[in-house]
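[1] quick one, what's the 3D model for this:
(2 chains)
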2 protein chains.
Amino acid sequence: MSNNTRQYAIGVDIGGTNTKYGIVNHRGDISYSGRLSTSAYATAEAFIDALYAVLEPVMNQVGKENIKGIGVGAPNANYFTGSIEYAPNLNWKGIVPFASLIGTKFNLPCSITNDANAAAVGEMMYGAAKGMKDFIVITLGTGVGSGIVTGGELIYGHDGFAGELGHTIIRYGGREHWSTGLKGSLEAYASATGIVLTAKEMLAATDQSSTLRDYAPEDIDSKAVYECAMKGDKVAQEVYRFTGQVLGEALANFVMFSSPEAVILFGGVTKAGSLLMDPVREHMEKNLLHVFKNKVSLNFSELKEADAAILGASALVWAMKRPIL
Amino acid sequence: MSNNTRQYAIGVDIGGTNTKYGIVNHRGDISYSGRLSTSAYATAEAFIDALYAVLEPVMNQVGKENIKGIGVGAPNANYFTGSIEYAPNLNWKGIVPFASLIGTKFNLPCSITNDANAAAVGEMMYGAAKGMKDFIVITLGTGVGSGIVTGGELIYGHDGFAGELGHTIIRYGGREHWSTGLKGSLEAYASATGIVLTAKEMLAATDQSSTLRDYAPEDIDSKAVYECAMKGDKVAQEVYRFTGQVLGEALANFVMFSSPEAVILFGGVTKAGSLLMDPVREHMEKNLLHVFKNKVSLNFSELKEADAAILGASALVWAMKRPIL
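    From the prediction side, this is the model:
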């Protein structure tokens, strides 16, 4: 990796509703950033035209010759094929050769990967995993994603789909996942969606008083659980304790797979802080084989949440081995 | 890798009771092999002296200048440190700098790793994983071990201890492991020891007639369960079906971690053939996210059982990146 600070990468983070983009240098300084609707565009081509229109003036400003490439984090993006494949939350259906479309429009090499992998690369270059070669990033948002790095390389597996740790089964015969149908998967518990389900189950199972009962059941969302927990509500706090326990048990399994130096938790659910982290740590350690105990550092992401996704996507460019143009 | 057929590697497989060794060329032809007691030697130094004594005449025969190095597979061996660390089944207690001791005695580079990792390297070079870059080997013997290869490299993790998949929890709150104390780990079910426990539990839970009842409870071992199952005993067959189910569920989790092209099952327990493999396949597929279904090939090892360990250990020499001398 050259450390030429005159070189730039474009980082694009595509979410179901909005897309964030920025121009980033090697140090991770974002010199320009912006936001674009994702859902307003019926086709990937129309979206890419719009993205080009907002980025063209900025590219001219920093000098197009100084831009090394474009990195994209997107749901269901496959690093190997450069395609976004059957993304349930995007308008663009089927298999979209996204990296190729971007590369052609921008005349720049483009690398894409799923959002959790982009987060892992971002952590490795600028965040809590700086200097590490073996770590796991778990993204805790609407869903649970993961990016796994071993020996300094992201694990992609033979088809580019490795790292679906949110779908591993942690409670045999447990809660059925609303979309996959799998029973007892991590995502069914540790996602924002899972937290809401846990809260509703706990409220139904007890008569204990709780400020969560001030909400109509359909109004209980993860924000409500978070706010009640922060104000000291015991039921809401127990929701986080249980969530942390299940996540900690899952992390123990992941540690015994790849023996990482650190596990980094990332995303909205981590706002609960020690309410989540304390039980995660306790139950991870409790379920580890002796040789792994008290060796794995467990951290929240250090990246500013608004910037993390752009940084992660841009970092793909510096690590680019397989540009698809 | 050069394909010089005049070059040789020494492969040594250390078990708790016996050690097997052989001289192997690049094609995996074993030109000389032998066996030595492990448990007869109170110290690693005495064992290595004995090993040298039996190997010296053979090394002279093929020409010592043609021997590239020594690969060792051993329980609790750490590839990074070259040490055998606190191996419960060996006489040599504490941390033994094994690679260094071998290297000094033989004046050859030596690389060591745990037995399951050696098996994975063996499968990659000569066996069912030939030409693959992403696969997992699960060893099913007295215990359950694993060797994980991604992108053509064994996963070692930050400390050399990655790949302890036998100790991942697959049944929350399940059977307590006789040695680790963990509850519901894969090894508690899918090892030979676990199979015997399952058989005893099933016999106790039902009045169903079974040829296993002809044995005194303390005489029921994995060989008895195997023989009864092969002769058509329904209870013994149900033991394998259940074992296969638990293993299949665990494999689904592993596949969603590293997305391997293949999972290869290795070791004594696999002798049960389709009695084990059919339920493994069924329950692995059942628990996979859609994107992984019907993509992972599931195979038994193709290496001759007597040779596999020697081949795997010798293969470490050809892959040698970190010789410790």
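[2] so who does A:Asn60 touch?
    With C-beta atoms under 8 Å, 6 or more residues apart in numbering or on different chains as the criterion, no residue contacts A:Asn60. Just so you know, the C-beta spots here come from the backbone N, C-alpha and C atoms, and that holds for glycine as well.
[3] you'd agree it is in a helix?
    Yes - assessed with DSSP: H, G, I helix; E, B strand; the rest coil, A:Asn60 lies in a helix.
[4] with adjacent residues omitted, what lies nearest to the closest residue to chain B within the stretch 1-150 of chain A?
    Going by C-beta to the nearest C-beta, chain B is nearest to A:Asp134 of the stretch 1-150 of chain A, at 4.1 Å. Of all residues not flanking A:Asp134 in the chain, B:His158 sits nearest, at 4.1 Å (C-beta to C-beta, 6 or more residues apart in numbering or on different chains).
[5] gap between A:Ala315 and A:Gln208?
    Per C-beta to C-beta, to the nearest Å, A:Ala315 is found 46 Å from A:Gln208.
[6] neighbour count winner among the two?
    Using other C-beta atoms under 10 Å in any protein chain shown as the criterion, A:Ala315 and A:Gln208 rank with A:Ala315 on top: 27 against 12.
[7] correct me if wrong: that one contacts A:Met125.
    Yes - here A:Ala315 reaches A:Met125: they are 4.4 Å apart, a contact under C-beta atoms under 8 Å.
[8] which residues do these two both contact?
    In contact with both A:Ala315 and A:Met125: A:Gly28, using C-beta under 8 Å, 6+ apart.
[9] returning to what we had before: what's the burial count for the residue nearest to A:Asp134?
    B:His158, neighbours per other C-beta under 10 Å, totals 20.
[10] backbone dihedrals for it, please?
    phi -70, psi -20 (degrees, to the nearest 10).
[11] wait, what's in contact with it?
    A:132-134, A:259-261.
[12] how about A:Gly145: what's its closest non-neighbour residue?
    A:Ala116 (3.2 Å).
[13] what about the one you found, helix or strand, and which?
    helix A:115-126 (DSSP states H and E).
[14] just A:Tyr226 next, same as before
    Secondary structure (DSSP H and E) places A:Tyr226 in helix A:222-230.
[15] now A:Ala252
    Residue-wise, A:Ala252 maps onto helix A:234-258 under DSSP H and E.
[16] ok, now how distant is the single nearest residue of the stretch 201-325 of chain A relative to chain B from A:Ala44?
    Scanning the stretch 201-325 of chain A for the residue nearest chain B gives A:Ser259, at 2.4 Å (criterion: C-beta to the nearest C-beta). The gap separating A:Ser259 from A:Ala44 is 39 Å, by C-beta to C-beta.
[17] A:Ala190 now?
    From A:Ala190 to A:Ala44 the distance is 31 Å (C-beta to C-beta).
[18] give me the more crowded residue out of those two.
    The neighbour comparison of A:Ala190 against A:Ala44 (other C-beta under 10 Å) goes to A:Ala190, with 28 against 19.
[19] need the contact list for that one.
    Contacts of A:Ala190 by C-beta under 8 Å, 6+ apart are A:140, A:144, A:166, A:243, A:246-247, A:250, A:269.
[20] which strand or helix spans A:Tyr21?
    Counting by DSSP H and E, the element that carries A:Tyr21 is strand A:18-25.
[21] give the buried residues for that strand.
    Going by neighbour count (16 or more other C-beta atoms under 10 Å in any protein chain shown), the buried part of strand A:18-25 is A:19-25.
[22] quick one: the strands in the stretch 51-200 of chain A?
    Using DSSP state E, counting those that start in this stretch, the strands of the stretch 51-200 of chain A run over A:67-73, A:77-78, A:83-85, A:95-96, A:110-113, A:135-140, A:144-150, A:153-154.
[23] out of those, which is closest to B:Asp49?
    Distance to B:Asp49, taken as C-beta to C-beta, is lowest for strand A:144-150 among the strands of the stretch 51-200 of chain A, at 37.5 Å.
[24] shouldn't A:Thr43 be in contact with A:Trp92?
    Yes - with contacts counted by C-beta under 8 Å, A:Thr43 reaches A:Trp92, the gap being 6.3 Å.
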